[in-house]
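> Turn this into a model:
(chains A, B and C)
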Amino acid sequence: LKRFAPPAVYEVAPGLGQFTDEILFGEVWLRPELKPRDRSLITLAALISGGKMAQVGGHVTRALDNGVKPEEIGEVITQMAFYAGWPNAISAVDETKKVFQVRRIGPVPARENRLNLDPAAEAIHSGMVDAAMVPGSPVLAELTNRVLFGQLWRRSELTPRDRSLVTLAALISLGESGQLAFHARQALDHGLTAAELSEIPAHLAFYAGWPRATSAVPELAKVLPPAQLSEEELRLDPR
Amino acid sequence: LKRFAPPAVYEVAPGLGQFTDEILFGEVWLRPELKPRDRSLITLAALISGGKMAQVGGHVTRALDNGVKPEEIGEVITQMAFYAGWPNAISAVDETKKVFQVRRIGPVPARENRLNLDPAAEAIHSGMVDAAMVPGSPVLAELTNRVLFGQLWRRSELTPRDRSLVTLAALISLGESGQLAFHARQALDHGLTAAELSEIPAHLAFYAGWPRATSAVPELAKVLPPAQLSEEELRLDPR
Amino acid sequence: LKRFAPPAVYEVAPGLGQFTDEILFGEVWLRPELKPRDRSLITLAALISGGKMAQVGGHVTRALDNGVKPEEIGEVITQMAFYAGWPNAISAVDETKKVFQVRRIGPVPARENRLNLDPAAEAIHSGMVDAAMVPGSPVLAELTNRVLFGQLWRRSELTPRDRSLVTLAALISLGESGQLAFHARQALDHGLTAAELSEIPAHLAFYAGWPRATSAVPELAKVLPPAQLSEEELRLDPR
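Numbering: from 1, shown residues only, chains lettered A, B, ... in the order given. Model prediction:
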């Protein structure tokens, strides 16, 4: 068995060493339901949104090895600024900069091109935001429509699918399960598959803890099709 | 555009640099709905309650510049000990001490005078605490009435209005939205205006993340008067 | 009054100094409803699950002084890996290793023996897990039954009673109150007393903050018997 857990883990908490090498790296990271690149994206999102800075550098290195581009890492950090707050994002910049220096990665270029959105769908969406937020905070409604959805989500540095993926990871890591179903449905619309979606809580159980993953499951179930069943199972279903 | 974001932010996450300078410092901190002093108070409360210690020193400096007195900063830390736990408060003391040393600020004096409370209102309040807590934890009910409300909230180092302000920021930052409506109503009773209250989630979206701010909005709406509408809008309303 | 709070606390936040010495160490830690060893266990669990690493070393030292064995500390860390995520557990290993070195505590031995579980009760339990999780994440259901309950909870390095105790502390510290009643009932089945259970939120109010403790109370009340009442009070009850 290859040892990923550092020796100190086996000395202080031998059970943790075993679970790390047998289950986390020996099974979970190898499961094909999510590609290593996707696992790196949600791991980074969970670490940054959970304020777990001591592990960010190591997982930035792993993310680069798994094919996440430097500009995508920068954009995950930007997305996390909005979904977990500026302080964690700024701290993550410092950890990432150290890795970029070791890897001789230069400054990430600033792009200008933005994704176009469907105006009709946007009008419905911004009406929903207003209905939910104007009674409590008109200014947050305005910032949400203009900056969060009008600017951040239109940036092309990450595909909408990857942006949805890291946003789901942030919501699970923060325990904000009330906003999960909305973003899970959007993730499916952005091209995440049902199999990928249902794999996310299993991976994040190890990075944000079982209780956060457990709370996420019924919210994801709300948007998962019965197509979780195989074709054969569907044929057997008399409905 | 004045640059607040450090160069590393533009190098690693150029989008984050732009949003920092254009939106966070270029717009949000300048909005008149909350004074810079109030923004510093809720920012400190969000940082301490969220365990974001790397940013506490910088925002203690900014708070002093925005007119928050040293003894008020110490008292925000004390309030956060109760609302986010001792460990974060003790860590915040260490960060604050470093700033006080640079600014040559000596030990904060211990005061003795305490605010008087209305005995009738207190009796109602402590009855509510007992009803909610005695079945699950009689000792927490007793500590809540005697220490939290009987001692902490009566300290004169912060006005009740400022104490409510930082408590709201802590609850939003922790995601404890179930306790927000009670404290939001108290904040209004303590002199916070409706306009100030509805500005809080917009500011904290940047320091605790959009999901926490979003979850807070409907709770604040419960106690905000329809006076969010202008006089003219109220006249147009046929109700 | 013995001073536990470091001098910096009195200089920056004198109120916090007073509350630390008069209430937290002068009262709460001395209450007989939970033994010092149990208070150390839940304090460590709250610190690790809350990511409050600056305080872990000091409380590992205190835990050793209060009779928690080194292998039990390692096992609390392992339990927290599952309940609060790997990153916090790995960071806690580093802090604990430093204390073990100072105390000249060698590597913790890896045990092999596992607790036997009642197969009938396990079948019911794993059916509940499947019903709750399969629709959203079949893989998390499988990992929960095989690894979390089938391996972690069967490890003999901690008694089931102590494992329940630190799990409750993690759930309270994370604010995952929806999963508290289930684990509180299990804790009672594992031998925690009702008096001990109702003392937990009072202790954790100081380590995870009052809002987390407050949210826990009604969940604990669901499983506490009216035996919170004394024998005499029960006789007076006409039901």
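> contacts, neighbours, all on C-alpha from now
Noted.
> List the contacts of A:A170.
A:45-46, A:49-50, A:80, A:83-84 (CA atoms under 8 Å, 6 or more residues apart in numbering or on different chains).
> Recalculate using a threshold of 6 Å.
Applying CA atoms under 6 Å, 6 or more residues apart in numbering or on different chains to A:A170 gives the contacts A:45-46, A:49.
> Most neighbours among those, which one?
A:S49 (33 neighbours; other CA atoms under 10 Å in any protein chain shown).
> Let me see the contact set for the nearest residue in space to that residue that is not next to it in sequence.
Of all residues not flanking A:S49 in the chain, A:A84 sits nearest, at 5.0 Å (CA to CA, 6 or more residues apart in numbering or on different chains). Contacts were defined as CA under 6 Å, 6+ apart; by that measure A:A84 touches A:49, B:208-209.
> mind redoing it with 10 Å?
A:45-46, A:48-51, A:77-78, A:167, A:170-171, A:173-174, B:173, B:205-212 (CA atoms under 10 Å, 6 or more residues apart in numbering or on different chains).
> Briefly note if the strand or helix carrying A:S91 comes near chain C.
A:S91 belongs to helix A:86-102 when assigned by DSSP states H and E. No: on the criterion CA under 10 Å from any CA of the partner chain, helix A:86-102 is out of touch with chain C, staying 13.3 Å away.
> How far away from the center of its chain is that helix?
Centroid displacement of helix A:86-102 relative to its chain, using CA atoms, centre = their mean, to the nearest Å, is 17 Å.
> which stretches of chain A have low pLDDT?
For chain A, the stretches with pLDDT under 70 are A:227-239.
> Helices of that one, start to end?
A:7-12, A:14-19, A:36-49, A:56-65, A:70-84, A:86-102, A:119-133, A:138-143, A:160-174, A:180-189, A:194-208, A:210-221, A:231-236 (DSSP state H).
> Make TSV from these and add distance to C:L192 to it.
Shown next, in TSV, are the helices of chain A (distance: least, CA to CA, whole Å):
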stretch	distance to C:L192
helix A:7-12	27
helix A:14-19	24
helix A:36-49	33
helix A:56-65	38
helix A:70-84	37
helix A:86-102	38
helix A:119-133	44
helix A:138-143	46
helix A:160-174	30
helix A:180-189	35
helix A:194-208	27
helix A:210-221	21
helix A:231-236	45
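> So for C:E157, which of those sits nearest?
Closest approach to C:E157 among the helices of chain A (CA to CA): helix A:14-19, 9.2 Å.
> by contact count, what packs against the closest one?
Helix A:14-19 sits against helix A:7-12, helix C:70-84, helix C:86-102, with contacts defined as 3 or more CA pairs under 10 Å, 6 or more residues apart in numbering or on different chains; DSSP states H and E.
> so which of those helices comes closest to B:F25?
Nearest to B:F25, of the helices and strands packed on helix A:14-19 and by CA to CA, is helix C:86-102 at 32.2 Å.
> ok and that closest one relative to helix C:70-84, angle-wise?
In terms of direction (axes from the mean of the first three to the mean of the last three CA atoms, to 10 degrees), helix C:86-102 departs from helix C:70-84 by 160 degrees.
> Taking the centroid of chain A, which residue is nearest it?
A:V166 (2.0 Å; CA atoms, centre = their mean).
> Quick one: residues contacting it.
A:38-46, A:49, A:76-77, A:79-80, A:83, A:172, A:187.
> repeat that with 7 Å
By CA atoms under 7 Å, 6 or more residues apart in numbering or on different chains, A:V166 lies in contact with A:41-42, A:45.
> Which residue, neighbours along the chain excluded, lies closest to A:V28?
Closest to A:V28 by CA to CA, 6+ apart is A:H203, at 6.7 Å.
> Just give the number of residues close to the one you found.
24.
> And it, how close does it get to C:W86?
In this view, A:H203 and C:W86 are 11 Å apart by CA to CA, to the nearest Å.
> will you turn the contacts of A:V166 into a markdown table that also has distance to chain C?
Below are the contacts of A:V166 laid out as a markdown table (distance: CA to the nearest CA, whole Å):
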| residue | distance to chain C |
| --- | --- |
| A:L41 | 16 |
| A:I42 | 14 |
| A:A45 | 13 |
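> Let me know the closest of the residues you listed to A:D65.
Once CA to CA is applied, the member of the contacts of A:V166 that ends up nearest A:D65 is A:L41, at 11.9 Å.
> Tell me who's in contact with that closest one.
A:V166.
> count of neighbours near A:R161?
Count around A:R161 with other CA under 10 Å applied: 17.
> From B:R104, how far out is the spatially closest residue to it that is not a sequence neighbour?
Nearest residue to A:R161, sequence neighbours excluded (CA to CA, 6+ apart): A:H190, at 4.8 Å. Using CA to CA, one gets 55 Å for the distance from A:H190 to B:R104.
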